[in-house]
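In: Sequence first, predicted model second:
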Amino acid sequence: MKMHTLIASVALVAAGTVHAAGGKHDHAHEHKPMHGGVVVEVKDMDYELVAKPTAIQLYLRDHGKAADVSKASAKVTLLTGTEKQEVELKPAGDKLEATGSFKVGPGTKAVAVVTVNGKPATARFTLK
């Protein structure tokens, strides 16, 4: 698959499947970023991605409460322009994290495949 086709596919999927933060829901928790990142909801779990040039962090909240990430893992694919970077995130306190050098900025797309208790979920983000 060519890179531009992959990026277009990810953009279309992201546009069609992500619940925007702050959308109307019938449950009692909010979807606001608590760590300065971008929040999406997948299967009643909130995922907040904080992407900086030196660290990628992913916070998980289950019905508004911090989720136990001690046995969780994630693989994040960053798409910036025509560049693709894959990052493995590991538990670090109350979040999943990787440190290093990352090309991120406004418009960067990120796809996170998160595994918690053996169950995978996919969250898609567009950085602001």
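Out: Yep, that arrived.

In: Nearest residue to residue 56 in space, please, no chain neighbours.
Out: Leaving aside its sequence neighbours, residue 56 sits nearest to residue 98 (C-beta to C-beta, 6 or more residues apart in numbering; 5.0 Å). To be clear about C-beta, it is placed using only N, CA and C from the backbone, and glycine gets the same treatment.

In: Would you map the strands across this structure?
Out: For the chain, the strands defined by DSSP state E occupy 38-42, 45-52, 55-62, 65-66, 73-80, 83-92, 95-99, 109-116, 119-126.

In: about what we covered before: unless I'm mixing things up, the residue nearest to residue 56 is touching residue 55, no?
Out: Yes: counting by C-beta atoms under 8 Å, residue 55 is a contact partner of residue 98 at 7.1 Å.

In: For stretch 41-55, could you pull out the residues that count as buried?
Out: Neighbour-count burial for stretch 41-55, with 16 or more other C-beta atoms under 10 Å as criterion, is recorded at 41, 42, 45, 46, 47, 48, 49, 50, 51, 55.

In: next one: stretch 66-73
Out: 67, 69, 72.

In: Now do it: distance from first to last residue.
Out: End-to-end distance of stretch 66-73 (C-alpha to C-alpha, to the nearest Å): 15 Å.

In: what is the mean pLDDT for it?
Out: Averaging pLDDT along stretch 66-73 gives 95.

In: Could you list the residues in contact with it?
Out: Applying C-beta atoms under 8 Å, 6 or more residues apart in numbering, the external contacts of stretch 66-73 come out as 45, 59-61, 88-91, 94-96, 114-117.

In: quick check, distance from it to the centre of its chain.
Out: Taking C-alpha atoms, centre = their mean, to the nearest Å, the mean C-alpha location of stretch 66-73 is offset from the chain mean by 14 Å.

In: For the nearest residue to residue 52 once chain neighbours are set aside, give me the pLDDT.
Out: Nearest residue to residue 52, sequence neighbours excluded (C-beta to C-beta, 6+ apart): residue 104, at 6.9 Å. Note on residue 104: pLDDT of 95.
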